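> Build me a model from this:
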Amino acid sequence: MKTSAAGPNGEIDSAFDIKGEATLLSAATIAGDEVCNMQDEKLGTIQDIMLDLQTGKIRYAVLSSGGFLGMGDRLFAVPWSEFKQDKENKRFLLDVNTERLKQAPGFDKDNWPNMADAGWNTAVESYYDKQADTPRV
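The predicted model follows:
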């Protein structure tokens, strides 16, 4: 993670406070960050984030996975709540194995879904839901 945030006077400071906890990260600082699973397998990189304009919170991180040098990448909108920050390795963790990710609702970079569609949101949220019938790992 490229960690930077605006300080109280607008200057750029480390995004970590004295206790070492992230306080703020800009979207640009996490774009390109590596995402691994709990088995330390690389799943992909964060390409973008999607904001919920009604709540003002991050709704999804767009995970780019499976391609080579940007070619053939498949994109996945993963609920932001599913990610855990791995401060030590400066990356994010996602509790899903590679086979499960391959089966996740995804899309290609030239054909994004309508993320405002309630049906699409329900399908994505339920796929990653910890209470889902299908094992996550």
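
> got the buried residues for the strand ranked longest in the chain?
Taking DSSP state E as the criterion, the chain has its longest strand at strand 42-52. For strand 42-52, the neighbour count (16 or more other Cβ atoms under 10 Å) marks 43-47, 49-50 as buried. (C-beta placed from N, C-alpha, C; glycine too.)

> In the sheet, which strands lie alongside the helix or strand just after it, parallel or antiparallel?
Counting by DSSP states H and E, the next helix or strand C-terminal to strand 42-52 is strand 57-65. Partners of strand 57-65 in the sheet, by DSSP bridges, are strand 42-52 (antiparallel), strand 74-79 (antiparallel).

> What are the contacting residues of the longest one?
Residues outside strand 42-52 that contact it (Cβ atoms under 8 Å, 6 or more residues apart in numbering) are 27, 30-37, 57-66, 73, 75-77, 80, 92, 94, 96, 98, 101, 115.

> Now with 7 Å, please.
The contact list for strand 42-52 (Cβ atoms under 7 Å, 6 or more residues apart in numbering) reads 27, 30-37, 58-65, 75, 77, 92, 94, 98, 101, 115.

> returning to that earlier point: looking at the strands paired with strand 57-65, which is closest to K87?
Closest approach to K87 among these (Cβ to Cβ): strand 42-52, 15.5 Å.

> Could you export the closest one as PDB, CA atoms only?
As requested, the backbone C-alpha atoms of strand 42-52 are provided in PDB (Å, rounded to 0.1, in the frame of the first residue of the first chain):
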ATOM      1  CA  LYS A  42      -1.900 -13.700  -5.100                       C
ATOM      2  CA  LEU A  43      -5.500 -13.100  -6.300                       C
ATOM      3  CA  GLY A  44      -4.900  -9.900  -8.200                       C
ATOM      4  CA  THR A  45      -4.700  -6.100  -7.600                       C
ATOM      5  CA  ILE A  46      -7.100  -3.400  -6.700                       C
ATOM      6  CA  GLN A  47      -8.000  -1.500  -9.800                       C
ATOM      7  CA  ASP A  48     -10.600   0.900  -8.400                       C
ATOM      8  CA  ILE A  49     -13.100   1.600  -5.700                       C
ATOM      9  CA  MET A  50     -16.800   2.200  -6.000                       C
ATOM     10  CA  LEU A  51     -18.400   4.700  -3.600                       C
ATOM     11  CA  ASP A  52     -22.000   4.500  -2.500                       C
END
